[in-house]
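Enquirer: pasted the sequence and its predicted model underneath.
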Amino acid sequence: MRLPGYAPIVDNTTGEAIHAGSLPFECRVMHTYSISQLAKAFGLSRSTLLYYDRIGLLAASVRTAAGYRQYSQEDHNRLERICTLRRTGLSLSDIQRFLSADPTPAAHILEHRLKALEQQILSLRNQQHVIVAMLKEMTRGSHGAVVDKQLWVKMLAAAGMDEPAMMRWHAEFERHAPDAHFEFLLSLGIPEDEACQIRQRSREIL
C-alpha cells in the first residue's frame with residue numbers, strides 16, 4: 001500500500017521503482033536533496049544544475065516516479081568539488097576530464113592551469129609597468145597631477161589589490177627603480193616626507 005504523498009524512488013538505469021524495504025538500512029535513511037535544495041546550498045541556479053546534468057557533469061543519482069531529480073550525499077560532494085575547481089578558473093570540459101581522470105592526468109590539468117595563471121600574472125605586471133610609465137609621462141611638467149594619490153589607490157583597489165598587495169607593488173617598484181619610484185610618488189601629489197616614509201616601508205618588505 002502506498003502512503004499518501006509517497007513518491008517511490010526510481011533507479012535511473014532500469015527505470016524500476018526501488019522499494020525501501022529492499023534497500024540496506026543505511027540507504028533507507030540516506031539524506032537526499034532536491035534540485036532546488038542542492039542549488040541553494042551552493043548558491044547556484046536550477047538552470048545551472050540542469051545544464052550540468054545535460055553535459056554529463058553532474059547527474060542525479062535517482063529520480064522519483066514523478067521524474068523529480070533526487071541528489072545523494074555523493075552527488076553533493078561531487079558538486080562541492082566542481083565548485084572548488086571552478087574557482088581555480090578551470091573550464092567545465094577540463095573539470096569533467098579532471099573528475100574522470102586518474103591522479104596523474106588530473107595533476108597535469110592543474111599544472112597546465114597554473115602555468116596559464118602565471119602567464120596572466122606576468123601579462124598584468126607588464127600592463128602595470130606600461131600604465132606607470134604612461135602616468136609618469138602624463139604627470140610630468142607644469143600641468144599638475146593628472147592622477148593624485150586617492151585616485152591611484154582607487155584604481156589599484158578596482159584592479160583587485162588590497163593594502164598588502166599595494167605595498168608589495170611599491171616594494172617591487174622601489175627595488176627595481178628607486179629613483180623612478182620616488183618621482184612617481186611625488187607626481188601623485190604626495191608630500192616629500194610621506195613619499196620617503198612609503199619608500200622606507202617598501203624597503204622593509206624586501
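Expert: The structure has been received and is ready for your questions. Numbers count the residues shown, from 1 in each chain.

Enquirer: what's the next secondary structure element after the helix or strand hosting Leu151?
Expert: Element membership for Leu151 (DSSP states H and E) is helix 149-158. Following helix 149-158 in sequence order, the next helix or strand is helix 163-176 (DSSP H and E).

Enquirer: what's the next helix or strand after that following helix packed up against?
Expert: The first helix or strand that comes after helix 163-176 along the chain, using DSSP H and E, is helix 178-187. If contacts are counted by 3 or more CB pairs under 8 Å, 6 or more residues apart in numbering; DSSP states H and E, helix 178-187 sits against helix 103-138, helix 163-176, helix 192-205. Bear in mind the C-beta positions are built from the backbone N, C-alpha and C, glycine included.

Enquirer: mind listing what's buried along stretch 85-95?
Expert: Of the residues in stretch 85-95, 85, 90, 94-95 count as buried by neighbour count, 16 or more other CB atoms under 10 Å.

Enquirer: ranking the helices and strands packed on helix 178-187 by burial, who's on top?
Expert: Highest mean neighbour count among the helices and strands packed on helix 178-187 (mean count of other CB atoms under 10 Å): helix 163-176, with a mean of 15.

Enquirer: could you tell me the angle between that helix and helix 192-205?
Expert: 90 degrees (axes from the mean of the first three to the mean of the last three CA atoms, to 10 degrees).
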